[in-house]
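Colleague: Any chance you could fold what I've pasted below:
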Amino acid sequence: METAPHIDLMQTFYHGSKAKLSVGDLIQPGFNSNYGKQKKGSYIYLTATLEAAIWGAELALGDGLERIYIVEPTGAIQDDPNLTDKKFPGNPTKSYRSKQALRVIAIVEKWQGHSEEQLKTMKDHLAKLKEQGIEAIDD
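Modeller: Numbers count the residues shown, from 1 in each chain. Next up, the predicted model:
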């Protein structure tokens with residue numbers, strides 16, 4: 001599997017979502033994004049931190065329950081430019097993306113979400129970016 005040189009292949013990866021999935025399911029790119037104009041995404045996103053996955057689950061669109069999955073990439077992954085060098089130095093959130101599916105290998109049953117205040121602050125920030133016309137990078 002081709003990956004960025006600094007990624008530990010034994011690393012645990014997470015994906016936060018409101019989609020109801022089962023162990024063995026594949027998470028595919030091509031669905032509408034949770035951000036910006038919500039156009040069909042060319043990538044599927046994953047992270048090596050539970051914290052970033054929690055944000056992903058909490059900020060996902062839809063009415064479903066917030067869920068966090070442990071996933072394994074089925075192909076190459078790369079740094080997510082929305083949270084790395086194009087916007088922030090390095091990759092502090094250990095966030096990645098792939099054009100290939102992610103396989104659900106486990107479900108995180110117990111996790112602690114952010115406070116209502118933290119969630120409101122983040123949603124307000126995302127709304128401000130949307131008003132400014134700042135879109136997610138999907139090149």
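Colleague: where does the chain have low pLDDT?
Modeller: Applying pLDDT under 70 to the chain flags the ranges 1-9, 31-40, 84-88, 133-139.
Colleague: Strands of the protein, residue ranges please.
Modeller: Along the chain, counting by DSSP state E, strands occupy 13-17, 26-27, 44-47, 67-73, 78-79, 95-98, 102-108.
Colleague: Now tabulate those in a markdown table and tack on mean neighbour count and distance to Lys128.
Modeller: Just so you know, the C-beta spots here come from the backbone N, C-alpha and C atoms, and that holds for glycine as well. Shown next, in a markdown table, are those (neighbours: other C-beta atoms under 10 Å; distance: least, C-beta to C-beta, whole Å):
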| stretch | mean neighbour count | distance to Lys128 |
| --- | --- | --- |
| strand 13-17 | 23 | 22 |
| strand 26-27 | 16 | 29 |
| strand 44-47 | 26 | 21 |
| strand 67-73 | 21 | 26 |
| strand 78-79 | 16 | 25 |
| strand 95-98 | 24 | 21 |
| strand 102-108 | 17 | 30 |
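Colleague: Turn those into a markdown table, including distance to Glu117.
Modeller: Shown next, in a markdown table, are the strands of the chain (distance: least, C-beta to C-beta, whole Å):
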| stretch | distance to Glu117 |
| --- | --- |
| strand 13-17 | 19 |
| strand 26-27 | 30 |
| strand 44-47 | 23 |
| strand 67-73 | 21 |
| strand 78-79 | 30 |
| strand 95-98 | 23 |
| strand 102-108 | 23 |
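Colleague: What sits closest to Gly24 if chain neighbours are left out?
Modeller: Distances taken as C-beta to C-beta, 6 or more residues apart in numbering place Val104 nearest to Gly24, at 6.5 Å, with adjacent residues excluded.
Colleague: Was I right to think that neighbour contacts Leu21?
Modeller: Yes - assessed by C-beta atoms under 8 Å, Val104 is found in contact with Leu21 at 5.1 Å.
Colleague: what is in contact with those two at once?
Modeller: Both Val104 and Leu21 are contacted by Ile27, Tyr69, under the criterion C-beta atoms under 8 Å, 6 or more residues apart in numbering.
Colleague: rewinding a little: partners of the residue nearest to Gly24 in the sheet?
Modeller: With DSSP bridges applied, Val104 shows beta-bridge pairing to Val71.
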